[in-house]
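Student: the following comprises the amino acid sequence and a computationally predicted model.
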Amino acid sequence: MDPAGRAVAGGPGDRGPVVLDGGLATELMARGHDLSDRLWSARLLATDPDAIEAVHLAYFRAGAQVAITASYQASIEGFAAAGIARVEALDLIGQSVRLAQAARATLDDEGGPYAGRRLIAGSVGPYGAMLADGSEYRGDYDTDPGRLAAFHRPRMDALAEAGADLLAFETIPTVREAEVLVRLLDELDIDAWLSYSCRDGETTSAGEPIADAVALGEHRRIVAIGINCTAPRFMPALLARAGAATTRPLIAYPNGGDRWDAAARRWVANAGGAYDPATVATWTGLGAGWLGGCCGTGPREIAALTGALAARRGTFEPDGPVL
């Protein structure tokens with residue numbers, strides 16, 4: 001249990017897997033928002049917070065049990081480059097949690113099977129995301145541990161202090177950065193999941209074997225470990241390799257199958273492997289206890305995933321994420 005008494009973490013041994021939301025920025029863009037600047041969806045924390053809350057609400061209504069906050073691209077340095085001072089930047093990072101909490105409260109007030117059991121995961125994206133050059137899919141940036149710790153610690157603090165139920169270390173391209181993030185957990189009273197971006201069916205985006213990368217999942221504060229924002233076609237092989245190397249529940253939330261063009265700052269069509277909710281639902285057989293979508297997926301895909309899981313199980317009314 002987390003400090004507020006909410007259940008945290010899950011796995012295939014529960015009544016059902018934990019369903020995550022889909023791409024926050026994808027749905028914001030589908031609703032007409034321009035996210036072409038370096039702050040990406042984090043810009044709307046300051047300019048249109050209601051839009052972010054509305055997307056969280058849409059995902060909860062689609063069946064998601066976990067909302068991932070709009071803080072993936074949010075950092076002191078990134079906001080500073082946009083002329084936003086440190087104090088305001090930290091408040092905006094905390095705002096990302098409060099917006100997800102507000103959406104959750106709306107659904108809790110309506111009742112239903114998940115009332116009181118939805119989680120808020122504070123998104124902690126990689127240092128490369130702040131660079132806005134696509135390096136979160138390469139991992140080829142300065143990974144001095146001290147620099148990375150100084151970058152990540154304030155945003156992790158802000159998310160935890162705002163009341164996130166757990167942290168989401170996501171789209172991490174290299175074990176070197178993951179090691180820094182996991183060490184920082186020793187200084188905080190909060191759990192986290194850790195998910196890597198990968199370039200094929202065997203390795204992280206930086207080229208490290210996924211079987212070696214998931215060893216960090218054995219940390220006492222890591223509740224699930226796996227892969228996100230990676231083409232769906234690579235996921236079965238990655239999950240098979242990861243599952244053979246860790247005792248933790250696996251987490252899998254692939255992108256829509258396209259490729260990120262850093263120069264154009266948009267996703268472009270990539271051959272093969274589109275997101276198929278029915279296929280994603282089968283990954284429970286590979287040990288995936290947490291399933292969802294990333295860039296290129298929306299509430300429609302999450303609703304279809306929830307339906308596919310229900311069809312596979314006969315019913316799908318889990319008690320909510322539990323240890």
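Tutor: Now that the structure is in, tell me what you want to look at. Note that the structure is a prediction, hence the values are computed from the model and not measured.
Student: pLDDT weak spots in the stretch 51-200 of the chain?
Tutor: For the stretch 51-200 of the chain, no stretch is flagged by pLDDT under 70.
Student: that one: strands as residue ranges?
Tutor: Under the criterion DSSP state E, counting those that start in this stretch, the stretch 51-200 of the chain contains strands at 66-68, 119-124, 166-172, 191-196.
Student: gap between the last one and the chain center?
Tutor: Strand 191-196 sits 8 Å away from the centroid of its parent chain (CA atoms, centre = their mean, to the nearest Å).
Student: I'd like the average pLDDT over the following helix or strand past it.
Tutor: Of the helices and strands lying after strand 191-196 in sequence (DSSP states H and E), the nearest is helix 210-213. Averaged across helix 210-213, pLDDT comes to 97.
Student: tell me what helix 210-213 is packed against?
Tutor: When contacts are defined as 3 or more CB pairs under 8 Å, 6 or more residues apart in numbering; DSSP states H and E, helix 210-213 sits against helix 175-185, helix 235-243. For glycine as for every other residue, the C-beta is placed from the backbone atoms N, C-alpha and C.
Student: those helices: which one's closest to residue 305?
Tutor: Residue 305 sits nearest to helix 235-243 of all the helices and strands packed on helix 210-213, at 13.3 Å, using CB to CB.
Student: who's in contact with the closest one?
Tutor: By CB atoms under 8 Å, 6 or more residues apart in numbering, the residues outside helix 235-243 that reach it are 198, 201-202, 209-211, 214, 225-227, 230, 250, 252, 254, 280, 283, 286-288.
Student: any idea how far the residue lying closest to residue 199 once chain neighbours are set aside lies from residue 185?
Tutor: Distances taken as CB to CB, 6 or more residues apart in numbering place residue 205 nearest to residue 199, at 5.0 Å, with adjacent residues excluded. For residue 205, the distance to residue 185 (CB to CB, to the nearest Å) stands at 22 Å.
Student: how about residue 127?
Tutor: Applying CB to CB, the value for residue 127 to residue 185 is 17 Å.
Student: ditto for residue 30
Tutor: Applying CB to CB to residue 30 and residue 185 gives a distance of 34 Å.
Student: how long is stretch 199-210 end to end?
Tutor: Distance across stretch 199-210, first residue to last, is 10 Å (CA to CA, to the nearest Å).
Student: now it: buried residues?
Tutor: Counting neighbours by 16 or more other CB atoms under 10 Å, one finds that the buried residues in stretch 199-210 are 199, 201, 203-206, 208, 210.
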